[in-house]
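Participant: Quick one: sequence plus predicted model below, questions after.
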Amino acid sequence: MSIYDQYEAVVGLEVHIQLSTKSKAFCGDAAAFGGDQNTHISAISLGLPGTLPRLNKSQVEYAVRLGLALNSKINQRNFFDRKNYFYTDLPKGYQITQDNEPICLGGNFDIEMKNGSRNIRIHRIHHIHMEEDAGKSIHDQHPKYSQIDLNRAGVPLLEVVTEPDFRSAEEVDNFMTQMRQLVRYLGISDGNMEQGSMRCDCNISVRKKGATTYGQRCEVKNMNSMRFARKAIEFEFKRQIDLIESGGKVLQQTLNFDAATGTTSPLRDKEDAHDYRYFPEPDLPPVVLADDYIDAIKTAMPPLPAQLKKQFQKELGLNEYDTNLLTEDKSVALFFLDFVKEYSNYKSAANLVINKILPFLNEKNIALSQFPIGIKNLSAFLKLIDDGQVSSSIAYQRLFPELLEKPNSVPLELAQSLNLIQSSDIGFLEDLVQKTIENNPDKVKAYQNGKKGLIGFFMGEVMKQSKGKAEPKATNALLRKYLES
């Protein structure tokens, strides 16, 4: 057994979620991503003397939405604090945040582990608090200087602080992936980690398996890629074990992760709460949330991924693979719900969405809202197959592409104009069957000698002659009648 097998990782997360509000947390400056450097700013963003903050109503609503989704207790009287520290991209010299009385307390997030087996892990939430983001330091445009872009300064954030319940980099990856999906469903953030809309700090320690006390933790800051987070956790796990086993001591530090080398290095000793000199923010009153306000948000909550997965599997009978594909994106899941209200063959509807509609959207690089065919016509298309009027292969190969070109056409009329309607006319079918049997005497003899699987060959030959217009059930019955007579 390797020495590493004797230890387990203990990881807690601080997940920073940048909110998709129009304006910043405490002023009217634009909160949109991008723009020329230092254009989304004002006297308040710059922290100039005499300026006063104003609370962003949407930030509070989004915090309550996330708290409800994570089964948190909504703290109906909460307030803001000042977190004092100096950094070049923090213009005021302090950050407006929440310390003693955050807006959401406790909660949990049940995640599905994607390790080949259906495994649910429950991760506890310590709290969720509201705060503002800092600006951005740019170090790579001049060899001697750093530049500061304050467009991001003051953008509203929610910070989700978990309990130290993670035991592997894989769990962290799954948690963050499903958290990103959740905030997108809630409509509170785009969750784009590459743009910094979601980041996480990883508090990592190790302990012997079976131990109940925690080891000394180190914090790796601002991981905006799950690939980098996994690498950082895996590196720290081995580094701390190597240090302990060699007689050393893990120090409580804030660490930087170097993506190029896959290693961590110390930035500074880890701060504790007293280092920040927290005190109540004097320029903002307490946030008081009435029961009616919380109930209204709860009533307007969209269906969440876990609920939809359960519904799709339990009520609609879909398998896990199809369910995961259909619920990955909120717009697809809601589209599918509307689709199955119109058309009740749920598996056929799922196949159409997964195998035809989603690939079309990806190919054209368009949103689902831009898909040209409406739900009524999609349902009518599938019913042509169900009723045996058009064969499945012909419908998908010829009729569906035509319908994409003429999305307002009636599918039946379009199929008729293309001469795709299957025929169950006995005279027409008998002629085809007889010709097929006459042209294949060896196969007929083999069938009559017991090779019943050759029925598929005969069906294929008839279909070829009819160009897909022979109705399968009637054709099959006629073939068996003639072959066995």
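Facilitator: That came in fine, so what should we check first? Please read all numbers here as calculations on a predicted model, not as lab measurements. Numbers count the residues shown, from 1 in each chain.
Participant: roughly how far is the top helix by length along the chain from the heart of the chain?
Facilitator: Determined from DSSP state H, the single longest helix within the chain is helix 226-245. Here the centre of helix 226-245 is set off from its chain's centre by 26 Å, with Cα atoms, centre = their mean, to the nearest Å.
Participant: May I see the buried residues of that helix?
Facilitator: 226, 228-237, 239-241, 244 (16 or more other Cβ atoms under 10 Å). The way it works is simple: take the backbone N, C-alpha and C, and place the C-beta from them, glycine included.
Participant: out of the residues you listed, what pair is the most spread apart?
Facilitator: Farthest-apart pair in these is 226 and 244; separation 27.0 Å (Cβ to Cβ).
Participant: longest strand anywhere in the protein?
Facilitator: For the chain, the longest strand by residue count, based on DSSP state E, is strand 118-132.
Participant: next structured bit after it?
Facilitator: strand 136-138 (DSSP states H and E).
Participant: could you give the mean pLDDT of that following strand?
Facilitator: Average pLDDT, strand 136-138: 85.
Participant: mind showing which ranges of the stretch 201-350 of the chain have poor pLDDT?
Facilitator: Within the stretch 201-350 of the chain, the ranges that satisfy pLDDT under 70 run 269-274.
Participant: those helices in it, which residues are they?
Facilitator: 226-245, 291-299, 305-314, 320-327, 330-342, 346-352 (DSSP state H, counting those that start in this stretch).
Participant: Dump those helices to TSV, plus distance to residue 151.
Facilitator: As requested, the helices of the stretch 201-350 of the chain are exported to TSV (distance: least, Cβ to Cβ, whole Å):
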stretch	distance to residue 151
helix 226-245	24
helix 291-299	29
helix 305-314	31
helix 320-327	34
helix 330-342	28
helix 346-352	42
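Participant: Nearest to residue 111, out of the ones you listed?
Facilitator: Closest to residue 111 of the helices of the stretch 201-350 of the chain is helix 305-314 (Cβ to Cβ; 9.4 Å).
Participant: And the closest one, what does it pack against?
Facilitator: helix 169-186, helix 320-327, helix 330-342 (3 or more Cβ pairs under 8 Å, 6 or more residues apart in numbering; DSSP states H and E).
Participant: Could you export those helices to JSON lines, including columns for distance to residue 412?
Facilitator: Formatted as JSON lines, these follow (distance: least, Cβ to Cβ, whole Å):
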{"stretch": "helix 169-186", "distance to residue 412": "37"}
{"stretch": "helix 320-327", "distance to residue 412": "27"}
{"stretch": "helix 330-342", "distance to residue 412": "16"}
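Participant: any idea which of those is most buried?
Facilitator: Mean neighbour counts were taken over those using mean count of other Cβ atoms under 10 Å, and the top value, a mean of 21, falls to helix 169-186.
Participant: Output that helix as PDB, nothing but the C-alphas.
Facilitator: What follows is helix 169-186, C-alpha atoms only, in PDB (Å, rounded to 0.1, in the frame of the first residue of the first chain):
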ATOM      1  CA  ALA A 169     -10.700  16.500  -6.600                       C
ATOM      2  CA  GLU A 170     -13.400  14.600  -8.500                       C
ATOM      3  CA  GLU A 171     -16.000  15.600  -6.000                       C
ATOM      4  CA  VAL A 172     -15.000  19.200  -6.200                       C
ATOM      5  CA  ASP A 173     -15.200  19.000 -10.000                       C
ATOM      6  CA  ASN A 174     -18.700  17.500  -9.900                       C
ATOM      7  CA  PHE A 175     -19.900  20.000  -7.300                       C
ATOM      8  CA  MET A 176     -18.700  23.000  -9.300                       C
ATOM      9  CA  THR A 177     -20.100  21.600 -12.500                       C
ATOM     10  CA  GLN A 178     -23.500  21.100 -11.000                       C
ATOM     11  CA  MET A 179     -23.400  24.400  -9.200                       C
ATOM     12  CA  ARG A 180     -22.800  26.100 -12.500                       C
ATOM     13  CA  GLN A 181     -25.800  24.300 -13.900                       C
ATOM     14  CA  LEU A 182     -27.900  25.300 -10.900                       C
ATOM     15  CA  VAL A 183     -27.100  29.100 -11.100                       C
ATOM     16  CA  ARG A 184     -27.900  29.000 -14.800                       C
ATOM     17  CA  TYR A 185     -31.300  27.400 -14.200                       C
ATOM     18  CA  LEU A 186     -32.000  30.000 -11.500                       C
END
